[in-house]
Every structure is written in structure tokens, then in C-alpha cells.
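**Q** I would like the atomic coordinates for the input below:
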Amino acid sequence: MRKSILSKFVLIGVAIFALSVMGLAQNANSSVTTSKPQLVDINSASKDELVALPGVGETYAQKIIDGRPYKQKTELRTRNIIPASVYAKIASKVIARQ
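**A** Just a heads-up that it's a prediction; the model follows:
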């Protein structure tokens, strides 16, 4: 009798563990995205979109807007629109579309 009760508890424990692991695996898979990150076009982005970039505040956003159009995103540096430290943070997040 005692063995029977103990085996039921072990079986229930294993079942709960298995269900938990399956749930965690499902949640991990659901958070994986295969889409490319959205790039911000410095030639057409709104001030709010620019401010959302790391290191870009109201002042730098306005300087970016005032300096339009850009042929390349590197012009943000070559034309001294933003400092190198800010450009390093946003270079992979922006594009200059024509």
C-alpha cells in the first residue's frame, strides 16, 4: 500500500515536471522572431522616431532633420550632425534611403 502511494506521487511529480518543461520550451520558441529589425530612415523619419533611437534626444533629432537629405548614413558623422559616440549606438539601426 505504501509503495503504491509513493509510486503515484513520483508519477505525478514526473508528469508535472514534463508538462513544465514542455511549457517552457513552447514559450521560448514563441519569443523567437525571424523578421529583420526595422531600420529608421534618417531622410524621412519623424522627430519622435529619431528620438526613440539610443543616444538621440530632441536636439540631435532636430539637427538630423535640419541636415536632410543624406546620401549615406555616414554623413551624420562627416557633416558633424551627431558625435561619434551617438553614431556608434545607432549605425546599425538607421539607413539613408534615396
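**Q** in this protein, which spans are strands?
**A** With DSSP state E as the criterion, the chain has strands at 40-41, 94-95.
**Q** okay, the ones you listed in TSV with mean pLDDT and mean neighbour count next?
**A** The way it works is simple: take the backbone N, C-alpha and C, and place the C-beta from them, glycine included. What follows is the strands of the chain, written out as TSV (pLDDT from 0 to 100; neighbours: other CB atoms under 10 Å):
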stretch	mean pLDDT	mean neighbour count
strand 40-41	98	17
strand 94-95	98	18
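**Q** Reformat those as JSON lines; add distance to Gln62.
**A** Shown next, in JSON lines, are these (distance: least, CB to CB, whole Å):
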{"stretch": "strand 40-41", "distance to Gln62": "15"}
{"stretch": "strand 94-95", "distance to Gln62": "16"}
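**Q** So which residue is smack in the middle of the chain?
**A** What sits nearest the mean C-alpha location of the chain, by CA atoms, centre = their mean, is Pro37, with 7.0 Å.
**Q** Not counting residues beside it along the chain, what's closest to that one?
**A** In space, and not counting its chain neighbours, Pro37 is closest to Lys93: 7.3 Å by CB to CB, 6 or more residues apart in numbering.
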